[in-house]
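A.B. asks: Generate a structure from the sequence data that follows.
(4 chains)
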There are 2 protein chains.
Amino acid sequence: MDQSDATASVRGERKAPATIYDIARHTGFSPSTVSRALNKPGRLNATTERRIRDAAEELGYRINPMARALPTGKTGTLGLVVSDITNPVYFDLVRGAEHIASEADSTLIFADSQESARLERSIAERLQTSVDGLLLVGSRLGDQDIRELSSVKPLVVVNRLVDGVPAVVPDVAPGIEAALGALRERGHRRIAYLAGPEASWMNTLRWQTLFDLAVSWGLSIVEIKSTEPTRAGGAEAFQRIVAADVTAVFAYNDLIALGLLRASRDRGVAVPESLSIVGFDDIFGADLPTPALSSIRSPLGELGERATRRLLTEIDGAPAEAGAALPTRFIDRESIAAVRS
Amino acid sequence: MDQSDATASVRGERKAPATIYDIARHTGFSPSTVSRALNKPGRLNATTERRIRDAAEELGYRINPMARALPTGKTGTLGLVVSDITNPVYFDLVRGAEHIASEADSTLIFADSQESARLERSIAERLQTSVDGLLLVGSRLGDQDIRELSSVKPLVVVNRLVDGVPAVVPDVAPGIEAALGALRERGHRRIAYLAGPEASWMNTLRWQTLFDLAVSWGLSIVEIKSTEPTRAGGAEAFQRIVAADVTAVFAYNDLIALGLLRASRDRGVAVPESLSIVGFDDIFGADLPTPALSSIRSPLGELGERATRRLLTEIDGAPAEAGAALPTRFIDRESIAAVRS
DNA sequence: CTGAAAGCGCTTACAG
DNA sequence: CTGAAAGCGCTTACAG
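C.D. replies: Numbering: from 1, shown residues only, chains lettered A, B, ... in the order given. All right, here's what the predicted structure looks like:
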């Protein structure tokens, strides 16, 4: 229900917020002095600073960030645009970014491109004029678009590499190697990769890394398309997985893996006895089903921290420091087992 | 790894973005005319409008929303602050809000208060000067704080009622009644409510509604505290649930319910045979465990739409239209069963 | 230590 | 239909 009526008491009574001019009038100082008192503590006569601060407090003054941004060019806020704010993958990344942003006294705001490249572009452009820098995670944009955005304001992409733009990505190899190794030890020889969106850079990286390793180990490996990177997409691929006659499958992400897991159970294919499944990302919920999903986890929190730090240095024009690799690791739960002989 | 070097190519080459003055110079018209051409299509000589638009395009002009906001007081953006952006509960709500915002050509930005009232207040204050209105969902703030925020700019609270401020909340009764009814039919007489945060208005509403109904039906009902509204909090409460000697428990939310479910299984208490569990919110993942969680679902998407529409009318100063009730409903999956005789 | 002035990028009465 | 001017709220050289 709406609580429509209670509203009347507030409506229309909104008083214009106090400005530095109000404080100036109130204290007899000039607006310049007020501005200094509020922004450069210690640079003024202590008592005038005191009086101005008190007046500000009394009048309920809050700085107008947009008015400040005009002369300074700095908004004090960072933007994080994700391809799908509704995807649990990004939770830790968000936390990491928040952590660093707050250390730097920047406000972090989020925007959601809802998996649409068109929307992503317009949101990023829009946001760009209102923030000091942008974090683009899981971007669906083309390299050229990203480069153009990057040329107008500091920007760092996460989980993707684009020539000429700062990026931070995890090292997927360790996790994949551990998972594939665990499978090989358990006798698996025929493996499938259930792919993600073709436009996803990360999808290509995962597939390529897995492919190279499997080949070098003499395992057979096939890529199987999925319709969408969701549980529905995973379920939909079930028949094609079965038809491919593999004993184990890597899924592009946990959503797909979860969908496949469920479909397998529903259609009577036992996981992990008849089919081993490993996902990517270790999202919220991966440990919920029976069997719990084994998954390759990115150090998302650190990715978020690193990316934000990178963005901050980019904004300051400071040189970027090289960072250590951010290795993925394999979280082995219950969805893989020895192949039946 | 960081891709530090590739960056050099971009660094420092950022050209100042084009302004309407650049366009003016470029076309020979005045800035006022440029402004009009860009904002009031049709009000100008068609060919001058054409030429100005072409020049804008050519120069890669993008309006500076903050500069525009100063004289107009309108930013064209709406803010949504959630108590925990990492909680799957809000997914549908976000989608609903996005839907309405985009229909109104407003940009929706998000901010996360990380379950901290202090942070929530400062973020809300900060954001308020940069948006046309604010949506506060699952606020941890006191009524008075919310009222103060509401007095400076349009604001609507979601999932909570505060005297004097526009709000939209679901009707929890139908879902609770259906769930409790299902339990009663199956012979349950002793019920527990595993509570959420005391500061949560929604927690109080759920408990109160459940309590009143149980009492009126002659069922016994107890409230059991939890340490936090998470899976860990649910697991931690397991022993107290067992000690309370109830046959069914309602959990404040699905996170708690999921934690309890898992703890029960781990400690050898069969769900639903020995203990029936029902959660709230039907979040992502509720259907994943075995048994799948039965849960009371809010029409979150509609809540988000409704709240955003309400905010928009508040911004326009239009009168609010009363809305129909937004009933919850019971999604009965596998976590409840008849009490063993 | 403090103030007057110019400027950030835009909009909008007010004239013409 | 178009332009000159004032103003939105702030900051920051430049003087004093």
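
A.B. asks: What residues does chain A have near DNA strand C?
C.D. replies: Within chain A, the positions near DNA strand C by C-beta under 7 Å from any atom of the strand are A:28-33, A:36, A:43-45, A:48-49, A:70-71. Every residue, glycine included, has its C-beta placed from N, CA and C.

A.B. asks: List just the nearest of those residues to chain B.
C.D. replies: Closest to chain B out of the residues of chain A next to DNA strand C is A:Leu70 (6.0 Å), distances taken as C-beta to the nearest C-beta.

A.B. asks: Run a quick check on the closest one versus B:Pro71, I expect a contact.
C.D. replies: No. Using C-beta atoms under 8 Å, A:Leu70 makes no contact with B:Pro71, being 11.1 Å away.

A.B. asks: the more surrounded of these two?
C.D. replies: Set side by side, A:Leu70 and B:Pro71 show more neighbours around A:Leu70, with 14 against 7, by other C-beta atoms under 10 Å in any protein chain shown.

A.B. asks: what about the strands in the stretch 101-250 of chain A?
C.D. replies: The residue ranges that make up the strands of the stretch 101-250 of chain A, judged by DSSP state E, counting those that start in this stretch, are A:107-112, A:133-137, A:155-158, A:167-168, A:190-194, A:220-224, A:248-251.

A.B. asks: For the fourth one, enumerate the helices and strands it packs against.
C.D. replies: I take that to be strand A:167-168. strand A:155-158, helix A:300-316 (3 or more C-beta pairs under 8 Å, 6 or more residues apart in numbering or on different chains; DSSP states H and E).

A.B. asks: Beyond the last one, next helix or strand please.
C.D. replies: Looking back up the chat, that one is helix A:300-316. strand A:329-331 (DSSP states H and E).

A.B. asks: Leaving out the residues flanking it, which one is nearest to A:Pro41?
C.D. replies: A:Glu49 (6.8 Å; C-beta to C-beta, 6 or more residues apart in numbering or on different chains).

A.B. asks: The helix or strand hosting that neighbour: which residues count as buried?
C.D. replies: Assigned by DSSP H and E, A:Glu49 belongs to helix A:46-59. Of the residues in helix A:46-59, A:48-49, A:51-53, A:55-56 count as buried by neighbour count, 16 or more other C-beta atoms under 10 Å in any protein chain shown.

A.B. asks: The residue in the stretch 101-250 of chain A that DNA strand C sits nearest to: how many residues sit nearby?
C.D. replies: Among all residues of the stretch 101-250 of chain A, A:Thr129 sits closest to DNA strand C, at 8.1 Å; criterion: C-beta to the nearest atom of the strand. Residues contacting A:Thr129 under the criterion other C-beta under 10 Å number 18.

A.B. asks: repeat for A:Pro31
C.D. replies: Per other C-beta under 10 Å, the neighbour tally for A:Pro31 reads 14.

A.B. asks: Of the helices and strands packed on strand A:167-168, give the one that comes closest to DNA strand D.
C.D. replies: helix A:300-316 (14.5 Å).

A.B. asks: what residues does that closest one touch?
C.D. replies: Contacts with helix A:300-316, where a contact means C-beta atoms under 8 Å, 6 or more residues apart in numbering or on different chains, come from A:78, A:89-101, A:104, A:106, A:108, A:132-135, A:137, A:154-156, A:158-159, A:166, A:168-170, A:281, A:319-321, A:323, A:326, B:2, B:7, B:11.

A.B. asks: Generate a ChimeraX selection restricted to the buried entries among these.
C.D. replies: Selection of buried members from those for ChimeraX, criterion 16+ other C-beta under 10 Å:
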select /A:78,89,90,91,92,93,94,95,96,97,98,99,100,101,104,106,108,132,133,134,135,137,154,155,156,158,159,166,168,169,170,281,320,326 /B:2,7
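
A.B. asks: could you pull out the helices for the stretch 1-150 of chain A?
C.D. replies: For the stretch 1-150 of chain A, the helices defined by DSSP state H, counting those that start in this stretch occupy A:20-27, A:31-39, A:46-59, A:65-72, A:91-103, A:117-128, A:143-152.

A.B. asks: closest to B:Ala182 out of the ones you listed?
C.D. replies: Judged by C-beta to C-beta, the one of those that comes nearest to B:Ala182 is helix A:91-103, at 32.5 Å.

A.B. asks: how distant is the closest one from the center of its chain?
C.D. replies: 10 Å (C-alpha atoms, centre = their mean, to the nearest Å).

A.B. asks: tell me what that helix is packed against?
C.D. replies: On a contact count with 3+ C-beta pairs under 8 Å, 6+ apart, helix A:91-103 meets strand A:77-82, strand A:107-112, helix A:300-316.

A.B. asks: would you turn those into a markdown table with distance to A:Glu177 and mean pLDDT?
C.D. replies: A markdown table is the format used below for the helices and strands packed on helix A:91-103 (distance: least, C-beta to C-beta, whole Å; pLDDT from 0 to 100):
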| stretch | distance to A:Glu177 | mean pLDDT |
| --- | --- | --- |
| strand A:77-82 | 28 | 94 |
| strand A:107-112 | 34 | 93 |
| helix A:300-316 | 19 | 94 |
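
A.B. asks: quick one: the closest residue to A:Arg189 other than its chain neighbours from A:Arg184, how far?
C.D. replies: Excluding its sequence neighbours, the residue lying closest to A:Arg189 (C-beta to C-beta, 6+ apart) is A:Leu219, at 5.8 Å. In this view, A:Leu219 and A:Arg184 are 7 Å apart by C-beta to C-beta, to the nearest Å.

A.B. asks: for A:Leu155, same thing?
C.D. replies: 40 Å.

A.B. asks: Over to A:Asp112?
C.D. replies: The gap separating A:Asp112 from A:Arg184 is 40 Å, by C-beta to C-beta.

A.B. asks: higher neighbour count, those two?
C.D. replies: A:Asp112 (24 against 17).
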